[in-house]
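Trainee: structure for the following, please:
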Amino acid sequence: MTRATSSAPSQRMLRVGEQVRAAITQVLQRGEVRDDVIEATVISISEVRMSPDLKIATAYVTPLGVSDHSIVIEALNRNARFIRGRLGQQLRQMKYMPEVRFRDDTSFDNYKKIDELLRSPEVSRDLDGDNDEQ
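Mentor: Alright, predicted model coming up:
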């Protein structure tokens, strides 16, 4: 029997990713990470993607109110081992505790670009032209 090849995440990967996201959020909200950069920044975790073997968790984060996201991402990656250790209390059901990696979430920037394109004069002109034909 052959397995279907799909790049889409399995239901298990999605479920575990959501559990890891909630656990990381709790660790950050409680202020358990003693780092000046992390403590002074509000961090939104939009998604956690798990590797197929559930051993690597990639967390996509957006630091709010900070112009240079790389400083916060570096601070999170510096403290990733500590955060991983704190996740153990909330993810006891997992066989292996995943290695946590933090990446900047650029999806909001992409949404902003799309919104700007849709509001551009060229697109609105084309849309107004469709209404005139009807």
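Trainee: make sure residue 58 is indeed in a strand.
Mentor: Yes. Residue 58 forms part of a strand when assessed by DSSP: H, G, I helix; E, B strand; the rest coil.
Trainee: show me what contacts it?
Mentor: 48-51, 101-103 (C-beta atoms under 8 Å, 6 or more residues apart in numbering). Where you see a C-beta, it was placed from the backbone N, CA and C, and this is true even at glycine.
Trainee: look at residue 45 and give its secondary structure.
Mentor: Of the three states, residue 45 takes strand according to three-state DSSP.
Trainee: oh sorry, the question was meant for residue 102
Mentor: strand.
Trainee: where does the nearest residue to it once chain neighbours are set aside fall, secondary structure wise?
Mentor: If you skip the residues right next to it in sequence, residue 102 has residue 76 as its closest partner in space, 4.0 Å away by C-beta to C-beta, 6 or more residues apart in numbering. For residue 76, the element it lies in under DSSP states H and E is helix 69-78.
Trainee: contacts for that helix next, please.
Mentor: Taking C-beta under 8 Å, 6+ apart as the criterion, the residues outside helix 69-78 that touch it are 35, 37-38, 41, 43, 59, 61-63, 66, 83, 101-104.
Trainee: where do the helices sit along this structure?
Mentor: Listed in chain order, the helices of the chain (DSSP state H) span residues 11-30, 36-39, 69-78, 80-87, 107-118, 121-133.
Trainee: give me the below-cutoff pLDDT ranges for the chain.
Mentor: Scanning the chain for pLDDT under 70 picks out the ranges 1-6, 129-134.
Trainee: and the helices of the chain as JSON lines, adding distance to residue 93 and mean neighbour count?
Mentor: JSON lines is the format used below for these (distance: least, C-beta to C-beta, whole Å; neighbours: other C-beta atoms under 10 Å):
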{"stretch": "helix 11-30", "distance to residue 93": "9", "mean neighbour count": "16"}
{"stretch": "helix 36-39", "distance to residue 93": "27", "mean neighbour count": "14"}
{"stretch": "helix 69-78", "distance to residue 93": "24", "mean neighbour count": "17"}
{"stretch": "helix 80-87", "distance to residue 93": "12", "mean neighbour count": "16"}
{"stretch": "helix 107-118", "distance to residue 93": "29", "mean neighbour count": "10"}
{"stretch": "helix 121-133", "distance to residue 93": "49", "mean neighbour count": "9"}
